[in-house]
Each structure stands twice: as structure tokens, then as C-alpha cells.
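In: Quick one: sequence plus predicted model below, questions after.
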Amino acid sequence: MGSEPKRLSRRQVLGMGLGVAAAPFALRSRATAATPAPARGGFDWQQQKGKSLVVLLTQAPYYTVLQKLGPEFEKLTGISVQIQVVPEQQVRQKLPIELNSRSSGIDVYASSMHVEKRLFARAGWYEPLNKYLDNPGLTPPDYNWKDFGSSGTWWVTWDDGTILATPGSLGLFSFMYRKDLYAEKGLKAPATLEDLQAAIKATHRPPAVSGFVGRGLKNANVPLWGMFLQAMGGTYLDPTGTTLTTTSPEAIESARMYAGIMKDYAPPGAIGFNWNEAQGSFSQGLAACWPDGLNFAAPLEDTTKSKVAGKVGYALFPGTAKQKPFSGTAIDALALNPFGKNKEASWLFTAWASSRPVQLKMAIEGSMTGTRLSIYGDPDYLKAQALPRDWIEAVKGSIDSGRPQLPQIKDVTQFRDIFGVALTKMIEGGDPKSLLEAATKEFEPILKKSLAG
């Protein structure tokens, strides 16, 4: 996974980026047992008794729950832990400085893998976890790595099989639609882009209802275009990850389709919509479908605020002959500081925090879309879940079919800015081919500089 960690300048470190925080969805609060049994299968949770840890987490409801569970971990292990939950921007500024200086001040940290994975791994800022997972003296026998699902394990695994972190909350970019409006036209959730286009046209009744609503705002629009791109079998980068493929026939056609749908079938003003404006439009009954994060679904089912409660269907994003229906994914995860002094104690915390009992509690009380598949069939989870059963099925299907919704590069924010402007111009009537060529030409030197280190 790389050798000696690289040192970066302070300016480089401060400019490294932001994570992307997923908005929470709602569950009914229900008490559940969170702490694994102290000696289940003979496992010794007290083996690192007397050690002290500092854990740095991003601000999110599920991490607030984890913070509250800290005393249970201390009682279970005899390890003292200070869990800090702070705004994501602060974490993203603090982490690179700490890690670049090889500071041992943080033992465990939350990492936005969709933004940081390739940068942090190449810099040597993740402690490899394989030796901990493979050691029965350090990992409880009921931990079950496979339970995290293919999307969860893919995100936290490096190219050579090194495991960098444990999966946390997964963002799932899928498809939401009005079941009642689709039923009126004899339609079901679209399985292909052709089905999607037909459904959009059939349900488009302006000004009362638009056939589609989605992100049009520059930067925010790139993940949605990326779904069309991947559905057509396209990619942002070639298999080596070193060359842009954003002028391929699939890239041009997907951009043309995205821009055409936004221009002709989205509500007025959608060119300025991010996910929250699109969510508001859909919840007020102004659109027949909305592709975006399943974790944004809770307000749709709130009968006090939503006009479509009970009428929404949840499904995977439609595909083509080249790609089955799928979900776009982004994830945060728990990683160990490779420069920490108490790595085995840090692993015990991470194994506990990512265990099924603790993640179940984080899902029920902290609205986490975790990747442990067994949770979605758990009776306690099903009783606590306020969203309909087809939402749960869509989540499970999304975890199994997930693909990264953004390119795996360091400068992903600049990528989104440059290509986002191009997409906005397409909605305004610009030519997709020439705009993608210009955006690709603009971003290529940024990518080359990044790859050069």
C-alpha cells in the first residue's frame, strides 16, 4: 500500500479538502443493547486495560450516539476514551495537519473515504487493519467482516487488498418516484434509462407536476450526471486512474441526456437546485421522480410536512444493457492513526464501534445507513424504522450494487467545480461535446499535478 509516508507543506495540507456529510433520515427511538458481551467466545475485551485513547469524529447524529456509548466501551474494556464530535470542516482541516506531522495525538478518526481514500493511503495515513482482523486474539469471533456488504468493504479496501478502515455510514444515490402517478400510467420503477425517459414524459404535467427533479446547481450536479454516465457504461477515469475519459461517447451522451431532462422536464429554477431544493420540490408534490440519496427520504414520509407521504416508491437507479440498476455510493469510515502509540487498544475501540450491536444502536438512534446487511432484517430495527419496507429493500439492494458516484481523485472538489459549470451551461443550451472537451482540458493539468505528488 505504499511505503514511507510523504510529508506535505502546511499550505498543501490546509488545502486538502472537505468531506461530504450525508443528511440523516429518521427512525423512531428505541432502546437496544449496544455493548458486545465481555467474553463472548472467550474473547478478552480487557486485554488493553489501563490504556487511553482520543477519537476524532465528524458531527453526525450517529456519531453523537457513539459518543454517548463511550462509557459502555470503557466499562467493557477498561480503556479510557475521549470521543470528540466536531463539525466536519474542522475535522478535515485538523486531520491532515496531525497526520502529516506524524502526531500521536489522535488514535482513531473518521475518514470520508470518497474524498480522502486515495490521498491518505498514498501518504501512509491509514494503519493497515488486516493483521488485526486476522488475529482472533484481537477481533471477536462474531465480528463477521462479510456482513458489511460489497459496497462497504470495497470502499475501505486499497488496490492491493489492504484494509484501510472499517465501514461506517453509506450515502446511497438511488431513485425515488411517485407510485401513484406512475400507477396511473401503468408504470413501475424504471429498470433502464429508456424506461426512465418514457416515465418522465408520461408523468410530466406542467405546471402542476414536472416529470423529473434533480440537482442543477454547479458542483452539486456532477453526482447526478455521474449516475447517467455510469448507467451507460462510462467512467470518469480510465482503469489506471490516470487519464480522464470525460470526452468518451458515453460521457457526451449521458451529459446530453441529463441536460435535456433538466431543461425540458424539471421545475422552473431547477438549474439552481441542490439536493435540498429538489427534496422540497418533490415533497410538495411538484415532481414525479427524484434521483438522489435514500438517506434524504425521511421528510418525504413526514405527514405533517410532506404532500407525498405514503405515495413514494424507492428503487435503484436505472441502468442499460451495459449496467444493471445500481446505486451511487459515498462513505465515512473509522481509521487508525498509523502514528498512534496504542494501536491495539485503538483497534479494540474500532472493532467495538463497528460491531453489529453498536451499529444497530447507531442505526436506530442515530439514523445511520450502515452497511451491515444483517441489521436491515433485525426485528428491533424493523420496529423502530419509520420509513416503508420498500425503502429498506432499496437500501439493501443499493449496498449490494453500489458504485462510487465520484472519481477517486484528490482534487474531487475542483473536478466538481469545473465539470459542474459545464453541466450548468448545457442545461442553458450549450453543446455537451464542446463543453466537456473544454472542462477536460481545464482539469487535466490539475490531475497530472496531483498524480505527480
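Out: Done, it's in. Residues are numbered from 1 along each chain as shown.

In: Where does pLDDT dip in this protein?
Out: Judged by pLDDT under 70, the chain has its weakly predicted residues at 1-41, 453.

In: Not counting the biggest helix by length in it itself, show me its contacts.
Out: Of all the segments assigned as helix in the chain under DSSP state H, the longest by residue count is helix 432-451. Contact with helix 432-451 is made by 242, 244, 246-247, 251-252, 255-256, 259, 409-411, 414-415, 418-419, 421-423, 425-426, as judged by C-beta atoms under 8 Å, 6 or more residues apart in numbering. The C-beta positions use only the backbone N, C-alpha and C, and glycine is treated the same way.

In: Mind doing that once more with 6 Å?
Out: Helix 432-451 is contacted from outside by 242, 244, 246-247, 251-252, 255-256, 410-411, 414-415, 418-419, 422, 425-426, using C-beta atoms under 6 Å, 6 or more residues apart in numbering.

In: So which of those are in helices?
Out: Ala251, Ile252, Ala255, Arg256, Gln414, Phe415, Ile418, Phe419, Ala422, Lys425, Met426.

In: Max pairwise distance over those: which two?
Out: Arg256 and Gln414 (23.8 Å; C-beta to C-beta).

In: what residues are up against the closest residue to Ser174 other than its chain neighbours?
Out: Computed as C-beta to C-beta, 6 or more residues apart in numbering, the closest residue to Ser174 that is not its neighbour in sequence is Ser327, at 4.6 Å. Going by C-beta under 6 Å, 6+ apart, Ser327 touches Leu172, Ser174, Leu316, Ser398, Ser401, Gly402.

In: and the first one, helix, strand or coil?
Out: By that I understand Leu172. strand (DSSP: H, G, I helix; E, B strand; the rest coil).

In: hmm, back to that, out of the contacts of Ser327, which is nearest to Val209?
Out: Looking across the contacts of Ser327 and measuring by C-beta to C-beta, the closest to Val209 is Ser174, at 21.0 Å.

In: one step back: what residues of the longest helix of the chain count as buried?
Out: Pro432, Lys433, Leu435, Leu436, Ala438, Ala439, Thr440, Phe443, Leu447 (16 or more other C-beta atoms under 10 Å).

In: ok, so of those, who is nearest Asp195?
Out: Pro432 (22.2 Å).

In: What subset of the contacts of helix 432-451 is buried?
Out: Here, 16+ other C-beta under 10 Å leaves 244, 246-247, 251-252, 255-256, 410-411, 414-415, 418-419, 422, 425-426 buried among the contacts of helix 432-451.

In: what two of those residues have the greatest distance between them?
Out: Arg256 and Lys410 (28.9 Å).

In: between the buried residues of helix 432-451, which is closest to Leu237?
Out: Leu447 (8.5 Å).

In: Tell me if Gln359 really is in a helix.
Out: Yes - secondary structure of Gln359 (three-state DSSP): part of a helix.

In: Now the phi/psi pair for the residue nearest to it when sequence neighbours are not counted, please.
Out: With C-beta to C-beta, 6+ apart as the measure, Gly370 is the residue that lies nearest to Gln359, at 4.7 Å, once sequence neighbours are left out. Backbone torsions of Gly370, given as degrees, to the nearest 10, read phi -70, psi 170.

In: With Asp264 instead?
Out: phi -100, psi -20.

In: re earlier: out of the buried residues of helix 432-451, who's nearest Lys179?
Out: Nearest to Lys179 among those, with distances taken as C-beta to C-beta, is Pro432, at 32.3 Å.

In: Having no further points to raise, I will conclude here.
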